[in-house]
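Asker: What follows is a predicted structure for the sequence shown.
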Amino acid sequence: MDKERKKENTPEAENDEVLSLFHEVRHLIQSARNTAVYQINTLQVLTNFEIGRLIVECEQSGEKRAEYGKKVLRELSLK
């Protein structure tokens, strides 16, 4: 048991512990970044879908089909 305690206090054991800690911290940071990217991508897709839905609703004005030639997108891009 004394040998184990002595071994745990060696510089090599401390280096292994620090290296292990480093890998755990690195994994947490990478995981958080990946989650953030996924969430932002999902939010962007949903936002773009809603923008498209609003444009279609505006173009159709309650009708089944849009009246072409209104140039809604051109008007929006100028705003």
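Answerer: Perfect, I can see it now.
Asker: Report all helices and strands that whatever helix or strand Thr47 lives in contacts.
Answerer: For Thr47, the host element (DSSP states H and E) is helix 11-60. Judged by 3 or more Cβ pairs under 8 Å, 6 or more residues apart in numbering; DSSP states H and E, the packing partners of helix 11-60 are helix 72-78. Using the backbone N, CA and C atoms, a C-beta is placed for each residue, glycine as well.
Asker: how about 10 Å then?
Answerer: helix 2-8, helix 72-78 (3 or more Cβ pairs under 10 Å, 6 or more residues apart in numbering; DSSP states H and E).
Asker: Worst mean pLDDT among those?
Answerer: Taking each of the helices and strands packed on helix 11-60 in turn, the lowest mean pLDDT turns up on helix 2-8, with a mean of 53.
Asker: mind listing what Asn41 touches?
Answerer: Going by Cβ atoms under 10 Å, 6 or more residues apart in numbering, Asn41 touches no other residue.
Asker: separation between it and Ser31?
Answerer: Distance, Asn41 to Ser31, using Cβ to Cβ, to the nearest Å: 16 Å.
Asker: and the helix holding Thr47, average pLDDT?
Answerer: Confidence over helix 11-60, taken as the mean pLDDT, stands at 93.
Asker: begin at 20 from here
Answerer: Got it, the first residue is 20 from now on, which makes the last one we talked about helix 30-79.
Asker: how distant is it from the center of its chain?
Answerer: A distance of 3 Å separates the C-alpha centroid of helix 30-79 from that of its chain, computed with Cα atoms, centre = their mean, to the nearest Å.
Asker: Same question for stretch 66-80.
Answerer: Taking Cα atoms, centre = their mean, one finds the center of stretch 66-80 at 24 Å from the center of the full chain.
Asker: List the buried residues for it?
Answerer: When neighbours are counted by 16 or more other Cβ atoms under 10 Å, the buried residues of stretch 66-80 are found to be Glu78.
Asker: Export it to CSV, keeping only CA atoms.
Answerer: What follows is stretch 66-80, C-alpha atoms only, in CSV (Å, rounded to 0.1, in the frame of the first residue of the first chain):
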residue,chain,number,x,y,z
THR,A,66,-36.3,30.7,-39.2
ASN,A,67,-35.8,30.3,-43.0
PHE,A,68,-38.9,28.1,-43.1
GLU,A,69,-41.0,30.7,-41.3
ILE,A,70,-39.7,33.5,-43.6
GLY,A,71,-40.7,31.4,-46.6
ARG,A,72,-44.1,30.7,-45.1
LEU,A,73,-44.7,34.4,-44.4
ILE,A,74,-43.7,35.3,-48.0
VAL,A,75,-46.1,32.7,-49.5
GLU,A,76,-48.9,33.9,-47.2
CYS,A,77,-48.3,37.5,-48.4
GLU,A,78,-48.1,36.5,-52.1
GLN,A,79,-51.3,34.3,-51.9
SER,A,80,-53.4,36.7,-49.9
